[in-house]
Every structure is written in structure tokens, then in C-alpha cells.
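*Asks:* quick one, fold the following:
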Amino acid sequence: MAESPSGNSPQAFVFTNLNGSSTGEVSIADSSGNVITTRTSSKQYSSVLYSGPSISADGTYEILLGGKSAGTVSANQYATGMGGEQPGADQQSDRPG
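*Replies:* Residues are numbered from 1 along each chain as shown. Purely as a prediction, here's the structure:
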């Protein structure tokens, strides 16, 4: 089970659970469409968590699976129901902590 960073983490993060699972390429892009990171997995994954210096605590980021948008998430919030093998609507909740 995936867990988000603690409420007192000094660095911002992007975190979502997928609606289903995925394999292959996952990318995170900022609100201007600039890809921040891309990773490829040969194994199935059902969540995406990324933290890095290019994530702004007040930013909104797009999750791309295989180059296609799975939805958007605000930094430091937890989102569910994105992309994966099954379509789903974006849902966000406040950062757990």
C-alpha cells in the first residue's frame, strides 16, 4: 500500500493512486506542459509518487501514462481514480498528515 510523505516533509510532492494499474511510461508535467520527469516500468504499478526540486508546493501537475493524460493533481495533495486500465474521474483530498 502506498503512503504519502508526512505533513512536515520539506519538499513538495505529487501523489496519486490509479484507477486500475498500468505498465510502461509515466511522466509528470507542470501546468505549462513541460515534462519534469519520465520513468518507465516493466512491472505493473497502481500509484505514482514523485518528489523533487522542480515540484512547487502551490503547483498543479499532469500525470501522463504512455504519453496520454490521466488527469491532474495539486502538489502536496493525494488524488485517486486517475488513468490506469479503467477510466476514472479525478478526485482529490487534502494532504494526509
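
*Asks:* contacts only, for Ala57.
*Replies:* 12, 75-76 (CB atoms under 8 Å, 6 or more residues apart in numbering). For every residue, glycine as well, the C-beta is placed using N, CA and C.

*Asks:* which one of the residues you listed is nearest Ser51?
*Replies:* Of all the contacts of Ala57, Ala12 has the smallest distance to Ser51: 6.8 Å, by CB to CB.

*Asks:* now do the contacts for Gly24.
*Replies:* The contact partners of Gly24, taken as CB under 8 Å, 6+ apart, are 40-41, 65-66.

*Asks:* how about these in a markdown table, adding neighbour count?
*Replies:* Listed next are the contacts of Gly24 as a markdown table, based on neighbours: other CB atoms under 10 Å:
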| residue | neighbour count |
| --- | --- |
| Thr40 | 10 |
| Ser41 | 11 |
| Leu65 | 21 |
| Gly66 | 13 |
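
*Asks:* could you find the closest non-adjacent residue to Ala57?
*Replies:* In this structure, Ala57 finds its nearest non-sequential neighbour in Ala12, 4.2 Å apart by CB to CB, 6 or more residues apart in numbering.

*Asks:* and Thr72, by the same measure?
*Replies:* That would be Glu62: by CB to CB, 6+ apart, it lies 5.1 Å from Thr72.
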